[in-house]
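S.K.: need a structure here:
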Amino acid sequence: MYKYAIEIFYSEEDEGYIAIVPELPGCSAFGETEEEALKEIKIAIDLWLETAKKEGREIPKPAGKELLRVVVEELTSFSNACTKGVSVQ
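M.R.: Numbering: from 1, shown residues only. Sure thing, here's the model as predicted:
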């Protein structure tokens with residue numbers, strides 16, 4: 001089973017929660033609650049992977065911890081720059 005990072009956020013425009021999987025282009029779902037969006041994105045992931053296999057498309061390996069490491073490093077770098085009064089662009 002593949003493990004991909006899932007982002008869930010509230011959309012004022014849609015009046016509900018949007019879930020996306022950044023590593024799987026176009027893989028998204030909607031729910032009126034965060035829990036519903038999570039349930040729906042899990043179904044969308046399965047369908048995305050099934051379709052990619054049938055069409056012979058390359059399936060990205062989940063970045064998982066590596067993606068988290070990069071984000072944490074960027075946040076730490078940004079935080080350090082801010083505390084030193086360095087302008088970050």
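S.K.: looking at Thr76 now. What's its pLDDT?
M.R.: At Thr76, the model reports a pLDDT of 76.
S.K.: can you check the one 5 residues further on too?
M.R.: At Ala81, the predicted lDDT confidence score is 69.
S.K.: could you do Leu68 as well?
M.R.: 60.
S.K.: what's the lengthiest helix in the chain in contact with?
M.R.: Counting by DSSP state H, the longest helix found in the chain is helix 34-55. Outside helix 34-55, the residues within contact range by Cβ atoms under 8 Å, 6 or more residues apart in numbering are 2, 4, 6, 8, 16-21, 24, 26-31, 57-59. All C-beta spots, glycine's among them, are computed from the backbone N, C-alpha and C.
S.K.: quick one: low-confidence ranges for the protein?
M.R.: 1-2, 64-72, 78-79, 81-89 (pLDDT under 70).
S.K.: mind listing the strands for it?
M.R.: Under the criterion DSSP state E, strands of the chain are mapped to 7-11, 16-20, 28-31.
S.K.: now these as TSV including mean neighbour count and distance to Leu38?
M.R.: Listed next are those as TSV, based on neighbours: other Cβ atoms under 10 Å; distance: least, Cβ to Cβ, whole Å:
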stretch	mean neighbour count	distance to Leu38
strand 7-11	12	6
strand 16-20	19	6
strand 28-31	18	7
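S.K.: for Ala63, find the nearest of those.
M.R.: Each of the strands of the chain has some distance to Ala63 by Cβ to Cβ; the shortest is strand 7-11, at 13.0 Å.
S.K.: show me which residues of the longest helix of the chain are buried.
M.R.: If you call a residue buried by 16 or more other Cβ atoms under 10 Å, then helix 34-55 has these buried ones: Ala37, Glu40, Ile41, Ala44, Ile45, Trp48, Leu49.
S.K.: just the closest of the residues you listed to Ala63, please.
M.R.: Looking across the buried residues of helix 34-55 and measuring by Cβ to Cβ, the closest to Ala63 is Ile45, at 14.5 Å.
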